[in-house]
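Peer 1: sharing a model that was predicted from the sequence below.
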Amino acid sequence: MALHWTRFVALGDSITEGFCDPIVGSGEPWLGWADRLAGILDGNAKLRGAPFAFANLGVRGRRVRHVVDDQVPAAIGLGADLVSILIGGNDLMTPKADPDSLAAEVESGVAALRRSGADVLLATCFDPRFAFFLKPLRGRAAVYNANLWSIARTHGTFTLDLWGVRELQARSMWAEDRVHLAPAGHRLLALRAAHSLGVPYFELAPRTPDAPTAPTPSTPSTLLSWTQHYALPWIGRRLRGVSTGDGMPPKLPHLIPVSPRR
């Protein structure tokens, strides 16, 4: 597989959108691991004197079906030669989630991308033991990840093993809601992704100050605050069948140069 990519398209949900990784300057409010990776790939392309462009189709709340039905065809339409897929978390939090069926859907998207000639960076799920309220999902997440590894072998993808990134167990890697990555977590993912692709770490994407580390919700007061501000609104949206991303367009729907965004 070639390492000389010129058109990178990122697919996924709020993690790929860059939620909780504030950008410095004008433009959309979030940076995120995929945009940071685009900066690294852009730096690598500059060393070769090659052009490079990036699109980010991530939207908060998206599920596997949205990536396969909407984002994958869009990436193919953009002529992407490298596509990242990080998806599944929102699906796995559904009580009746079937990790085998979800992985089969992901495989159909990966197969379509590979047929188009694109390389694929396929990310596994995080190990959910970092948050007490997600620990019950650990078994189904492990089954989903096992399927993703099989998909990676079958279709010859690059693999970003997020389950195995032990640094993500640190509280500083996560935002106050304990579901989205803090800036430090996004930077770590970008570097691990570059490593998975075999690309040197020339991080040209702008660095942003780390958000203050929020207290771990272990005391009654902090747990109550977290429940009121994050858990109950999330549960309410789930019961109503709505998402914070409903009606939102992709973050960066068209291929653009990376440099002007800095």
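Peer 2: Structure received.
Peer 1: what's the weakest-modelled helix or strand in the chain?
Peer 2: In the chain, no helix or strand scores lower on mean pLDDT, DSSP states H and E than helix 220-226, which sits at a mean of 52.
Peer 1: which parts of this protein are strands?
Peer 2: Using DSSP state E, the strands found in the chain span residues 7-12, 53-56, 82-86, 119-123, 158-160, 252-256.
Peer 1: export only the CA atoms of the third one, formatted as PDB.
Peer 2: Included here for strand 82-86 are C-alpha records, laid out as PDB according to Å, rounded to 0.1, in the frame of the first residue of the first chain:
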ATOM      1  CA  LEU A  82      -7.000   7.500   2.100                       C
ATOM      2  CA  VAL A  83     -10.100   7.200   4.200                       C
ATOM      3  CA  SER A  84     -10.300   6.800   8.000                       C
ATOM      4  CA  ILE A  85     -13.200   5.100   9.700                       C
ATOM      5  CA  LEU A  86     -13.800   5.500  13.400                       C
END
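Peer 1: strand partners of that strand, parallel vs antiparallel please.
Peer 2: strand 7-12 (parallel), strand 119-123 (parallel) (DSSP bridges).
Peer 1: so what touches stretch 86-93?
Peer 2: Stretch 86-93 is contacted by residues 10-13, 15-16, 34, 61-64, 67, 97, 99, 102, 106, 123, 125-126, 134, 137, 140-141, 144, 160, 162, 243 when judged by C-beta atoms under 8 Å, 6 or more residues apart in numbering. (Glycine included, C-beta is placed from N, CA and C.)
Peer 1: try 6 Å
Peer 2: 12-13, 15-16, 63-64, 67, 97, 102, 123, 125, 137, 140-141, 144 (C-beta atoms under 6 Å, 6 or more residues apart in numbering).
Peer 1: now, those residues that are in helices?
Peer 2: 15-16, 64, 102, 140-141, 144 (DSSP state H).
Peer 1: mind listing what the nearest residue to residue 16 once chain neighbours are set aside touches?
Peer 2: Among residues not flanking residue 16 along the chain, residue 58 sits closest, at 3.2 Å (C-beta to C-beta, 6 or more residues apart in numbering). Residue 58 makes contact with 10, 12, 16-17, 251 under the criterion C-beta under 6 Å, 6+ apart.
Peer 1: max pairwise distance over the residues you listed: which two?
Peer 2: 12 and 251 (10.1 Å; C-beta to C-beta).
Peer 1: which one of the two has more residues nearby?
Peer 2: residue 12 (26 against 22; other C-beta atoms under 10 Å).
Peer 1: sorry, back to before: what's the most buried one of the strands paired with strand 82-86?
Peer 2: strand 7-12 (a mean of 28; mean count of other C-beta atoms under 10 Å).
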